[in-house]
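Asks: only geometry, no sequence info:
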C-alpha cells in the first residue's frame, strides 16, 4: 500500500534556521531516508519552497482566479512529503515517528493512503 506522509511545521521557524541547523536536520532525515531506501520502501520525497513562492488557483466563482501565496492562512505549512510503500498504516506511522524524532520543533505528519489514478487504463 502506498502512503503519503505530509510534513507540516511552522515555516517562520524552519526558515529562520541557520545553514548549520538546517544541514543538521537534513542529515538526521537522511538517516531515516537511507534506511527506507535500502528496505525498498521509499518513493519520491520533496521539500517544498516557502509559501511565499506559492501560487493558488481558487475556485468558487464563474471563473477560477489565480492568487499569490498559499490557499489558507494557517500556523503550520506543508513543507514537504514522502511517498512510502509499506504493508500497513502502522508501518507508515512508525516511519512518521522516526521523521518526527529527526526533525526538531513542533509540527505534524499527516498520513494518507494514496489511490493511483491512471485515466488511460480501463477497469
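Replies: Arrived safely, thanks for sending. Just so it is clear, the structure is predicted and the values come from calculations on it, not from any experiment.

Asks: make it CA atoms for all contacts and neighbour counts henceforth
Replies: OK.

Asks: helix or strand for the residue most central in space within the chain, which one?
Replies: Nearest to the centroid of the C-alpha atoms of the chain, with distances taken as CA atoms, centre = their mean, sits residue 81, at 2.1 Å. Per DSSP states H and E, residue 81 falls inside strand 77-85.

Asks: going on from that strand, what's the next piece of helix or strand?
Replies: Following strand 77-85 in sequence, per DSSP H and E, is helix 89-102.

Asks: just to revisit the earlier point, so who does the residue nearest to the centre of the chain touch?
Replies: Contacts here follow CA atoms under 8 Å, 6 or more residues apart in numbering; on that basis residue 81 touches 4-7, 45-47.

Asks: need those in TSV with neighbour count, can you?
Replies: Below are the contacts of residue 81 laid out as TSV (neighbours: other CA atoms under 10 Å):
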residue	neighbour count
4	20
5	23
6	18
7	24
45	14
46	12
47	11
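
Asks: from the residues you listed, pick the one nearest residue 21.
Replies: Residue 21 lies nearest to residue 47 out of these, by CA to CA, at 15.9 Å.

Asks: and that closest one, what are its bridge partners?
Replies: For residue 47, the beta-bridge partners are residue 80 (DSSP bridges).

Asks: distance between the strand holding residue 81 and the chain's centre?
Replies: In terms of CA atoms, centre = their mean, to the nearest Å, the centre of strand 77-85 is set 2 Å apart from its chain centre.

Asks: then stretch 98-108?
Replies: 12 Å.

Asks: residue 110 contacts residue 5, doesn't it?
Replies: Yes: the pair residue 110 / residue 5 is scored as a contact, 5.6 Å apart, by CA atoms under 8 Å.

Asks: if we can go back for a sec, ok, the contacts of residue 81 vs residue 75, which is closest?
Replies: Nearest to residue 75 among those, with distances taken as CA to CA, is residue 7, at 13.3 Å.
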